[in-house]
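*Asks:* Sequence unavailable; structure follows:
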């Protein structure tokens with residue numbers, strides 16, 4: 001529905017008040033000034049004065065009185081039509097402001113390394129889409145260095161990853177979560193899957209796909225091999241793309257280290273059920289601990305604060321569960 005764009009704006013500039021509009025709408029609905037006055041909670045003399053002031057502001061008669069009550073003039077009908085739309089829009093706007101203030105609507109920008117994204121962020125979003133469907137999520141899945149830059153540049157509200165050396169510790173807070181286990185994956189019909197008990201050393205006869213040099217997971221894997229007097233693989237394809245890694249693993253005999261949470265999703269029959277197998281080697285291989293990292297004293301939106309609080313609760317519950325085990 002459309003209405004003349006200048007009608008209410010001009011009247012507001014000349015002193016129009018919302019109670020006057022509510023009273024005029026009540027007169028239109030009831031056909032009586034006395035009944036309208038009672039509906040809005042004022043006396044009839046006060047209602048008559050308010051309507052007279054409104055007509056003066058409008059510069060034209062809005063009502064015509066008759067023995068049975070009062071009716072709208074053509075100008076009054078036009079103003080009531082516009083007033084109904086304006087008041088409904090205001091009610092909608094105030095309702096939106098209320099939900100925003102309560103943290104039940106708004107955009108939340110989260111960063112996560114891939115494993116933490118699957119293990120913690122995905123279940124969080126799935127559950128909150130049910131409990132708070134008006135909250136929107138923008139999730140950045142990247143390496144910790146990219147996420148740290150995004151946080152300090154205020155492009156994300158918080159992230160799950162690692163605090164890198166040299167990061168301004170005074171500007172951030174970190175809630176420890178734990179190490180990120182690593183799994184070695186291959187295609188389902190890989191020669192190593194036919195071995196009754198493959199060893200970690202056996203994987204080094206094949207090409208590997210790993211993060212680029214300097215990546216935290218690659219560093220963790222290479223350090224794990226060296227600690228066991230094993231030489232890191234000679235033939236390695238370096239990429240940060242999980243999609244490219246999975247495509248190569250599915251088509252060749254390469255071995256690839258990935259976050260254990262990713263591997264579990266890939267092999268689960270009720271989830272991806274892909275052409276991927278997890279090798280039963282190096283069960284204790286892991287990247288160093290990661291954390292929930294936030295800007296210190298950041299002014300979060302109510303929605304971001306609500307999501308952050310829920311995420312912190314889940315992390316604490318997870319820690320208590322691990323301690324119980």
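*Replies:* Cool, the structure landed. Bear in mind the structure is a predicted one, so any value in this text is a computation, not a measurement.
*Asks:* What is the biggest strand by length in the chain packed up against?
*Replies:* Longest strand of the chain, by residue count under DSSP state E: strand 172-187. Packing partners of strand 172-187 (3 or more Cβ pairs under 8 Å, 6 or more residues apart in numbering; DSSP states H and E): helix 114-116, helix 216-227, helix 242-251, strand 256-259, helix 260-267, strand 276-278, strand 286-295, helix 302-324. All C-beta spots, glycine's among them, are computed from the backbone N, C-alpha and C.
*Asks:* of those, which approaches residue 141 most closely?
*Replies:* Smallest distance to residue 141 across the helices and strands packed on strand 172-187 (Cβ to Cβ): 5.6 Å, for helix 114-116.
*Asks:* pLDDT averaged over the closest one - what is it?
*Replies:* Averaging pLDDT along helix 114-116 yields 85.
*Asks:* Any chance of CSV for the helices and strands packed on strand 172-187, columns distance to residue 74?
*Replies:* Shown next, in CSV, are the helices and strands packed on strand 172-187 (distance: least, Cβ to Cβ, whole Å):
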stretch, distance to residue 74
helix 114-116, 65
helix 216-227, 74
helix 242-251, 65
strand 256-259, 70
helix 260-267, 67
strand 276-278, 74
strand 286-295, 58
helix 302-324, 46
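*Asks:* Of the ones you listed, which is nearest residue 144?
*Replies:* Nearest of these to residue 144, taken as Cβ to Cβ: helix 216-227 at 6.5 Å.
*Asks:* how far is the very next helix or strand once past the longest strand of the chain from where the chain is centred?
*Replies:* Counting by DSSP states H and E, the element after strand 172-187 in chain order, helix or strand, is helix 200-203. The chain centre lies 41 Å from the centre of helix 200-203; the measure is Cα atoms, centre = their mean, to the nearest Å.
*Asks:* how about helix 200-203: buried residues?
*Replies:* Across helix 200-203, burial judged by 16 or more other Cβ atoms under 10 Å covers residue 203.
*Asks:* Then stretch 248-259?
*Replies:* Buried positions in stretch 248-259, judged by neighbour count with 16+ other Cβ under 10 Å: 248, 249, 254, 255, 256, 257, 258, 259.
*Asks:* hang on, residue 257 packs against residue 217?
*Replies:* Yes: at 6.3 Å, residue 257 and residue 217 qualify as touching, with contact defined as Cβ atoms under 8 Å.
*Asks:* Between those two, which contacts overlap?
*Replies:* Each of 182, 210 lies in contact with both residue 257 and residue 217 under the rule Cβ atoms under 8 Å, 6 or more residues apart in numbering.
*Asks:* Mind checking what secondary structure the spatially most central residue of the chain has?
*Replies:* Central residue of the chain (Cα atoms, centre = their mean): residue 137, 2.2 Å from the mean position. Using DSSP: H, G, I helix; E, B strand; the rest coil as the criterion, the local structure at residue 137 reads strand.
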